[in-house]
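[1] What shape does this take:
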Amino acid sequence: MKSLIALWNVLANEMASRCSTSTTKDINTVLGRTEHEGISFLTITLPTFGKDFQYCLDQGFIVPKAFSSFRKTGSCLPSFLRGFTERVFDSGTGVLLSKPDIEAIYAVRQLTLIFSKILLPCSPERERKAMSDYVQCDMEVENVEACLPDSSIDEFGRMAQLLFGDLFSELDRKIYNGEIVPKHGPGAVAERLTSNGKYQSQYWTDRLESVFHVGDFLYPNSRFIGDCYEDDGIHFHEPGSEIPCRVISVPKTLKTPRIIAIEPSSVQYVQQGILEVLMQHIHSGFLNEFIGTESQEPNQLLAQEGSRTGSLATLDLSEASDRVSLKLARTLMLNHPLSERGVLACRSERASVPGHGIISLAKFASMGSALCFPFEAMVFLTVIFLGIEQEQGHRFSKKSELLDFLGRVRVYGDDLIVPVEYVHTVVDLLEHYGAKVGLSKSFWNGKFRESCGKEYYEGHDVSIVKVRRVFPSQRQQVAEVVSLVELRNQMYQFGNWATTKWLDGKIMGVLRYFPKILPTSPALGRHSFLGYISEKEDEHLHRPLVKAHVMSSRSPRDPLDGQGALLKYFLKRGNMPTFDVEHLERAGRPRVAYIKTRWVPPF
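    This is a model prediction of the structure:
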């Protein structure tokens, strides 16, 4: 924690220099409060200050409930960081200045949110609360489902058909023709199989078999299918005996972990095949302009435009994936029975939740399902257009009417862009259909906008750099070393030169070699606008080289042969080789990484 406090002190002094103010008292405040409150002051209390600051920017004045953890003496502004905040808000009235200092806005955000996403394990109490919240959320989804009137479901289905009718017609056709090509993802599965072990899975369900013939999915071709699947070791499971998805927590913030679900192998296997069909159709048509699946940049550019013109709002949803109900997902596919049967066949109906046992799920899918992301985006886009339609006072009857909103409506997961004039109706409808709008992270009043990891004020980029891991004390802490080097290079890109110099000293205390390189180099080195410095030339390839540390890792041993190896080959996409030469001997995510020293190109 001492290194984190020292980093904050250096950064605070640099921000003070950039804004012509002083942070001496602020530094003393941080030192005193971390001594009494511990690291939670840096990772929870400071970020709360930053979020309150953003909310006040959007409201245009200091709201009474903001900055409740900090003293306000002689002003409506908190004493902490007042040298910056008084350049943004009037210290007497708390009203936003007509020309707030952009540098001060950046400084406050950088100083308060820098530790908001550091990967640290939560306390057992917070873990248990997160699991309880997951179960409680599912109960709330069930209640919303029960309370939704039929008229709302009908309206949702009508709009969904207009938006996604062609998409699910294509999925219907692919399922009918047996053209769904499954795929194993890189993540873990509920049975705890290895990466290559997934290709030898003998788990199948009656629900899957009702739509997807096991012979087309778990066998390389018909020659390998026995007269009786039981003789081949395939075990069919009825709904009551299916393996539930396994709910786990992964680090997110010190305040709360991220809750995800690990799906059974065969379920995820089919989900990936359906996902591929959905993505291909979205990318090839008009939906690509409304739904983001690969690049976050369109959402970020729209957020910048919204901050400059005030015409677009950015909305953020809390527990987005966990609040999409099964009823809404089914309504998306109301007129497409094969799509509905196929999607529901590869949906986990139950989840194993630590401390709560196995529960039935009312939500469509938890984060971790391959179909969670596209279906939540489709549900949210449908509700957005219902809100626009309601505000305009007439129904959309053809797709050409929707095209008028290109560049004004966009969904990337739980990050939504909507026109400001429709935002209140859209927010009301989102909550009517069970979503939970995070009002503290949604912006439409002022000139601050946030979407997909980028923040803007009046068109100016005020995005910040965040510390992701604690600082390493030795080179063997590979993840921490790599994270520290990335932090240094991001600080350099953002023009924080004094902080960058301080980080250089910390890194050189761990790494012996730290040369100047380009971002494309495999080395752990310093990015510089002045380019790289060559140390010698490769005698064979005649290219410049530098001596540097390089992260090295290798997939674990995971031998695969016979039927499973053939199945893996036939599931390969495209004509070009996509496998490592050792893919039948080693596979999966590396369990151990090393930092080695070698001569490498600096570009």
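[2] tally of neighbours for residue 538?
    Other residues within reach of residue 538, judged by other Cβ atoms under 10 Å, total 12. All C-beta atoms are positioned from the backbone trio N, CA, C, and that covers glycine.
[3] Let me fix that, I meant to ask about residue 56.
    22.
[4] I'd like the distance between it and residue 267.
    Applying Cβ to Cβ, to the nearest Å, the value for residue 56 to residue 267 is 45 Å.
[5] Next up, phi/psi of residue 415, please.
    With angles defined as degrees, to the nearest 10, residue 415 shows backbone torsions of phi -100, psi 120.
[6] how far away is it from residue 442?
    Distance from residue 415 to residue 442, by Cβ to Cβ: 10 Å.
[7] Between those two, which has more neighbouring residues?
    residue 415 (25 against 22).
[8] Just list whatever residues bridge to that one.
    Here residue 415 sits in beta bridges with residue 316, residue 412, going by DSSP bridges.
[9] cool, the one 4 residues further on as well?
    The residues paired with residue 419 through beta bridges, assigned by DSSP bridges, are residue 312.
[10] who are the neighbours in contact with it?
    311-313, 388, 405, 408-409 (Cβ atoms under 8 Å, 6 or more residues apart in numbering).
[11] and it, what pLDDT?
    Residue 419 carries a pLDDT value of 97.
[12] next one: residue 73
    pLDDT, residue 73: 85.
[13] For the residue lying closest to it once chain neighbours are set aside, give its distance to residue 209.
    Nearest residue to residue 73, sequence neighbours excluded (Cβ to Cβ, 6 or more residues apart in numbering): residue 79, at 5.3 Å. Residue 79 is 67 Å from residue 209, where distance means Cβ to Cβ.
[14] ok, now residue 183?
    19 Å.
[15] Next: residue 186.
    Counting by Cβ to Cβ, the gap from residue 186 to residue 209 is 26 Å.
[16] okay, these two: which has more neighbours?
    The neighbour count for residue 186 versus residue 209, taken as other Cβ under 10 Å, is higher for residue 209 (17 against 8).
[17] Now the more buried one. Its backbone dihedrals?
    phi -60, psi -30.
[18] cool, residue 266 as well?
    phi -70, psi -30.
[19] can you list the domains in this protein?
    The record's domain split for the chain, according to automatic domain parsing, is 2-116, 125-375, 478-600.
[20] ends of the last one, how far apart?
    Domain 478-600 stretches 19 Å from its first residue to its last (Cα to Cα, to the nearest Å).
[21] Then stretch 435-452?
    19 Å.
[22] re earlier: nearest approach to residue 384 belongs to which of the domains of the chain?
    domain 125-375 (8.8 Å; Cβ to Cβ).
[23] contact partners of the strand ranked longest in the chain?
    Ranked by residue count and defined by DSSP state E, the top strand of the chain is strand 544-553. Under the criterion Cβ under 8 Å, 6+ apart, residues 475, 478, 482, 511-517, 521-525, 532-538, 590, 592-603 lie in contact with strand 544-553.
[24] thinking again about what came up before, the residue nearest to residue 73 looks like it's in a helix, true?
    No: counting by DSSP: H, G, I helix; E, B strand; the rest coil, residue 79 is located in no helix; its state is coil.
[25] For it, give me its contacts.
    25, 29, 70-73.
[26] Read off the pLDDT value for it.
    For residue 79, the model assigns a pLDDT of 94.
[27] got the phi/psi numbers for it?
    phi -70, psi -30.
[28] Verify the stated contact: residue 201 with residue 217.
    No: here residue 201 lies out of contact with residue 217, judged by Cβ atoms under 8 Å, at a distance of 9.8 Å.
[29] Residues that sit against both of the two, list them.
    266, 269.
[30] And the helices in the stretch 151-300 of the chain?
    Counting by DSSP state H, counting those that start in this stretch, the stretch 151-300 of the chain has helices at residues 206-209, 265-284, 297-309.
[31] would a markdown table of those with distance to residue 156 be doable?
    Shown next, in a markdown table, are those (distance: least, Cβ to Cβ, whole Å):
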| stretch | distance to residue 156 |
| --- | --- |
| helix 206-209 | 25 |
| helix 265-284 | 19 |
| helix 297-309 | 24 |
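[32] Ok, which of those comes nearest residue 87?
    The nearest among the helices of the stretch 151-300 of the chain, by Cβ to Cβ, is helix 297-309 at 18.4 Å.
[33] got the buried residues for the closest one?
    298-308 (16 or more other Cβ atoms under 10 Å).
[34] helices and strands around it, which ones?
    strand 312-318, strand 410-412, strand 415-419, strand 448-451, strand 454-457 (3 or more Cβ pairs under 8 Å, 6 or more residues apart in numbering; DSSP states H and E).
[35] and the helices of the stretch 151-300 of the chain as a markdown table, adding mean pLDDT and distance to residue 351?
    Formatted as a markdown table, the helices of the stretch 151-300 of the chain follow (pLDDT from 0 to 100; distance: least, Cβ to Cβ, whole Å):
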| stretch | mean pLDDT | distance to residue 351 |
| --- | --- | --- |
| helix 206-209 | 96 | 16 |
| helix 265-284 | 96 | 12 |
| helix 297-309 | 96 | 30 |
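[36] quick one: which of these is nearest residue 100?
    helix 297-309 (12.6 Å).
[37] Kindly calculate the angle that that closest one makes with strand 312-318.
    120 degrees (axes from the mean of the first three to the mean of the last three Cα atoms, to 10 degrees).
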